[in-house]
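Q: whatever this is, show me its structure:
(one chain, ligands or ions: 1)
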Amino acid sequence: MAENLRFDGRVVIVTGAGGGLGRSHALFFGSRGASVVVNDLGASHTGEGASSRAADVVVEEIRAAGGKAVANYDSVLDGDKIVETAMKAFGRLDIVINNAGILKDVSFARMTDEQWKLIFQVHVDGAYKVLKAAWPIFRQQKFGRIINTTSAAGIYGNFGQANYSAAKLALVGLTKTLALEGKKDNIHSNVIAPMAASRMTETVLPPDMLASLKPEMVTPLVAYLCHENTTENGSLFEVGAGFIGKLRWERTGGYGFPIDQTLQPEDVKAKWAEITNFEDGRATHPESTQESMESIMANFENKSKL
Ligand SMILES: NC(=O)c1ccc[n+]([C@@H]2O[C@H](COP(=O)([O-])OP(=O)(O)OC[C@H]3O[C@@H](n4cnc5c(N)ncnc54)[C@H](O)[C@@H]3O)[C@@H](O)[C@H]2O)c1
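A: Okay, the predicted model is just below:
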């Protein structure tokens, strides 16, 4: 058996840690030596109401097991206050797990501006506010680990979740840019698309499926990615029921039209099979905007032979 990965001396913020996945993350870090800020507003899964109870219960659980934890009841929209709680209670901050989230599911046709905005506020602005306050601390100490939480709904789209899927994919872009900007200061950012039984999924998934989707099967990936010796940075993972896989973009070999001729929709139509063919052995997996631009720049030289 390999030696346990420990987090002694590390301070972790887990947002939305009063239940579901966040609770599981918080309990685990608490059990491996970290000091945990258990943040939860204690709202319903659609964002209504507030109660300190959710966070308190998890703090009690961590302490009862011999761990160190404090509660924070602020909304992630006041992310600076959550970071302040960590600094006041423990004097440092090493890891941020942006996990808090709500749903406002409704078809796009019926969606109100309010339902759109609220989802962006909690998922995108909330993650931003916590990270913005944590970032200078991470930079100064030359260490930081960030996990953001996206969703398959964001990656693939999901009926009735235009607001949620748009906001969730925003977190992938945020993660990838922070990975680039944080790298030189040993700040690593990764993003997970989990699948787990929680009050968020209990009404949409059948009971037998829920029984196999334990949040505890998601947390070990989060913990591994946040360990001081883990170098993974800027990556996206799907994780649930014991399955863990990494995702990347794939682009077809495409087709380059001559740059010195007018391009018409009819030309696009004529080459559609090549533009969309992933199976001809020419598909690539660009990992940066630079790599992505290479094919476009190579086409600068694609002149028609008159
Ligand atoms: N469960 C899944 O299968 C699944 C799938 C994809 C993505 N996710 C994402 O995982 C995360 C955790 O979800 P979960 O399934 O554990 O749901 P959950 O509802 O059990 O947990 C979310 C927690 O966030 C808290 N919260 C909501 N708004 C908050 C705010 N403004 N400030 C602070 N806390 C707030 C809630 O009180 C709740 O305890 C969410 O970001 C969710 O979108 C979950």
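
Q: where does the nearest residue to residue 152 once chain neighbours are set aside land in three-state SS?
A: If the residues on either side of it in the chain are set aside, residue 152 comes closest to residue 193, at 5.2 Å by CB to CB, 6 or more residues apart in numbering. All C-beta spots, glycine's among them, are computed from the backbone N, C-alpha and C. Of the three states, residue 193 takes strand according to DSSP: H, G, I helix; E, B strand; the rest coil.

Q: spit out the contact partners of residue 193.
A: Counting by CB atoms under 8 Å, 6 or more residues apart in numbering, residue 193 makes contact with 149, 150, 151, 152, 154, 155, 236, 237, 238, 239, 247.

Q: give me that answer again for 6 Å
A: If a contact means CB atoms under 6 Å, 6 or more residues apart in numbering, then residue 193 has 150, 151, 152, 238 as its contacts.

Q: name the member of those with the most neighbours.
A: In terms of neighbours by other CB atoms under 10 Å, these top out with residue 150 at 27 neighbours.

Q: tell me the contacts of that residue?
A: 168, 171, 172, 191, 193.

Q: how far away is the nearest residue to residue 199 once chain neighbours are set aside from residue 217?
A: Distances taken as CB to CB, 6+ apart place residue 45 nearest to residue 199, at 5.0 Å, with adjacent residues excluded. To residue 217, residue 45 is 20 Å away according to CB to CB, to the nearest Å.

Q: then residue 29?
A: Counting by CB to CB, the gap from residue 29 to residue 217 is 16 Å.

Q: one more: residue 140?
A: Applying CB to CB to residue 140 and residue 217 gives a distance of 35 Å.

Q: between residue 45 and residue 217, tell me which one has more neighbours.
A: More neighbours surround residue 217 than the other of residue 45 and residue 217, with 20 against 16 (other CB under 10 Å).

Q: right, and residue 163 touches residue 114 too?
A: No: the pair residue 163 and residue 114 fails to qualify as a contact (CB atoms under 6 Å) at a distance of 10.0 Å.

Q: re the thing from before, go back to the contacts of residue 150 and keep what's next to the ligand.
A: With CB under 6 Å from any ligand atom as the criterion, the subset of those in contact with the ligand is empty.

Q: can you tell me which of the residues you listed is closest to residue 102?
A: residue 168 (11.8 Å; CB to CB).

Q: look up the closest residue to that closest one, ignoring the ones flanking it.
A: Nearest one to residue 168, counting by CB to CB, 6+ apart, is residue 154 at 3.0 Å.

Q: tally of neighbours for residue 66?
A: Per other CB under 10 Å, the neighbour tally for residue 66 reads 8.
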